[in-house]
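Enquirer: sequence unknown, structure follows:
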């Protein structure tokens, strides 16, 4: 049977391997030195809980699936009817084209055409490059239309540190002293300072078992040293890093994620999505982090995941 | 109105409806966009038979020319039930709360086969909100001297059986004749009453305003109405006739038992808005995912194909 994910692309280096699906350009597995850094999506189904999918041309939710562009109300499709929002962009049901491929890298492309609530033409690409210590994802957008187009992008990977149950990991988020306050529809109503030592304070590593978060952090630390760090009891770490363009990080800790064990069995488990975002939730309305691409202009930024171990 | 298609103007590789592929057969010309498998233009002897889509316009206004799959028309509240489980589709028509015209309206089809006069486009429908199936679908266009044949197909790539229905959404015309002055004939015995969300209430025998069996001027119609009980002669399920006697026929396979007719006085054209008429062959009625009426159920690996087409008879045939 063909996979509902499309023809899966397997990348490898001497020490690492990754699997990428054309559907939503999703990261469906990542392993370094035998340590799984991301949850695995089996080839028999689409990603659960949005695992690994690319969120473009906006991450997270648009309030009432509606925004205003130059005085004209734009009505998007309602893709989260329970909250009446448009969630995670326009490409989650799209199989990207494979544009370029080597042993350790693949470039996928998808054009976003003018449609309900989004009157723009933007060509998008995602390049995954695997190295011996981890994976880099590079997102590009190129405005092919005749008018300036809004652009934001994110990604939705659920990360782990090998077989260690997620409850036993700690999570640290660097920077991110402010977070977006959400209403009951999970849409931002404003920004607030993270209260030191409070339930949202991840500036010092916190045990994930005690966390219950679905929260966007603003102004997180960017650059190669890392934005978010998951640490196992033995000190092994999965590090998420983000370019300056990815100034937001959504942290989501569902307890019903179908974790796939090494024997292929699935158990509903705690999982942690660490979602690099170039803009805030509801950015089409707030403008926060939204890039405007002039006709012919392009945008590019990267984030990545790597494994770190304590030196013996 | 002038020809807006690209053969005179040159085409960019990517437009708002994807690549625009041109077909030619004798004096006939068609242009198809890869997004939504949209019929952008159809002409015979320079006579526009559909509302042409200008090169810089996207998405097509009023769904002009797009393929409708895996269902045509609306799914009530975007919700249906499969094996006892509620399936919630994305709401693609928020003003009425439903899921309209399937899942491929903005999908970029791939070009699978192409000759001077024919084109096959393919698109995979992946499992998604409210639709737990993997389907390969295709649309094949074959241009002839006197018109166009369109084949819609699907193959179930899922390990479980999957529903399928198809339709199409062309706005028809005959050259420069005001669409309001065309006479529309549809040999249908029943029409579908709908509620304020345009969802089905009941089928009734056609009566004044819906009885098109003897032909009615489009300018006198106000329809967004599904018809069944088609009694086609030679497969012809609708005919537009111009004052000079020129005729445009719509035909559909015998298992395409439905036809939607939509009239609007505000269709946007280069010169301003005006009357237009969409004549939409369908394999299944509105809300078929809920009623089950004429839904095709494909077993794993099973395929379906069905056809409709347009045929033009000029008033004064050459020769």
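Expert: It's in. Only a predicted model underlies this, so the values are computations on that prediction, with no experimental measurement involved. Numbers count the residues shown, from 1 in each chain, chains lettered A, B, ... in the order given.

Enquirer: for the chain, what are the low-confidence residue spans?
Expert: All of this refers to chain A. A:312 (pLDDT under 70).

Enquirer: Correction: the question concerned chain B.
Expert: For chain B, the stretches with pLDDT under 70 are B:1-14, B:317-319.

Enquirer: and it, which residues reach chain A?
Expert: B:14-18, B:35, B:56, B:58-59, B:78, B:88, B:90-92, B:94-95, B:103, B:105-108, B:124, B:126-129, B:134, B:157-159, B:300 (Cβ under 8 Å from any Cβ of the partner chain). Heads up, the C-betas are built off the backbone N, CA and C, glycines and all.

Enquirer: switch to 6 Å and redo it
Expert: Within chain B, the positions adjacent to chain A are B:14, B:16, B:35, B:58-59, B:88, B:90-92, B:94, B:106, B:126-128, B:134, B:157, B:159 by Cβ under 6 Å from any Cβ of the partner chain.

Enquirer: Can you tell me the closest non-neighbouring residue to whichever residue of the stretch 1-150 of chain A sits closest to chain B?
Expert: Nearest residue of the stretch 1-150 of chain A to chain B: residue A:78, at 3.8 Å (Cβ to the nearest Cβ). Nearest non-adjacent residue to residue A:78, counting by Cβ to Cβ, 6 or more residues apart in numbering or on different chains: residue B:91, 3.8 Å away.

Enquirer: Now do the contacts for residue 168.
Expert: All of this refers to chain A. residue A:233 (Cβ atoms under 6 Å, 6 or more residues apart in numbering or on different chains).

Enquirer: wrong one, I was asking about chain B
Expert: Residue B:168 neighbours (Cβ under 6 Å, 6+ apart): B:67, B:281.

Enquirer: give me the number of residues near residue B:115?
Expert: Burial of residue B:115 is recorded as 11 neighbouring residues (other Cβ atoms under 10 Å in any protein chain shown).

Enquirer: need the contact list for it.
Expert: Residues in contact with residue B:115 (Cβ under 6 Å, 6+ apart): none are found.

Enquirer: Need phi/psi at it.
Expert: For residue B:115, the backbone dihedrals (degrees, to the nearest 10) come out as phi -130, psi -180.

Enquirer: now residue B:174: how far from residue A:39?
Expert: Residue B:174 sits 58 Å away from residue A:39, taking Cβ to Cβ, to the nearest Å as the criterion.

Enquirer: wait, I meant residue B:189
Expert: 56 Å.

Enquirer: Comparing the two, which residue is more hemmed in?
Expert: Ranked by neighbour count (other Cβ under 10 Å), residue B:189 and residue A:39 place residue A:39 first, with 27 against 15.

Enquirer: Chain neighbours aside, what residue packs nearest to residue A:205?
Expert: Excluding its sequence neighbours, the residue lying closest to residue A:205 (Cβ to Cβ, 6+ apart) is residue A:170, at 3.7 Å.

Enquirer: And residue A:110, by the same measure?
Expert: residue A:96 (4.5 Å).

Enquirer: same question, residue A:266
Expert: Residue A:266's closest residue in space is residue A:258 (Cβ to Cβ, 6+ apart), at 4.6 Å.

Enquirer: repeat for residue A:285
Expert: residue A:67 (5.1 Å).

Enquirer: same thing with residue A:275?
Expert: Once flanking residues are discounted, residue A:275 sits nearest to residue A:250: 3.9 Å by Cβ to Cβ, 6+ apart.

Enquirer: before we move on, the earlier item: and the residue nearest to residue A:78, how far from residue A:117?
Expert: Relative to residue A:117, residue B:91 is positioned 12 Å away (Cβ to Cβ).

Enquirer: Who has more neighbours out of the two?
Expert: residue B:91 (27 against 20).

Enquirer: doesn't residue B:78 make contact with the more buried one?
Expert: Yes: with contact defined as Cβ atoms under 6 Å, residue B:91 counts as touching residue B:78 (4.8 Å).
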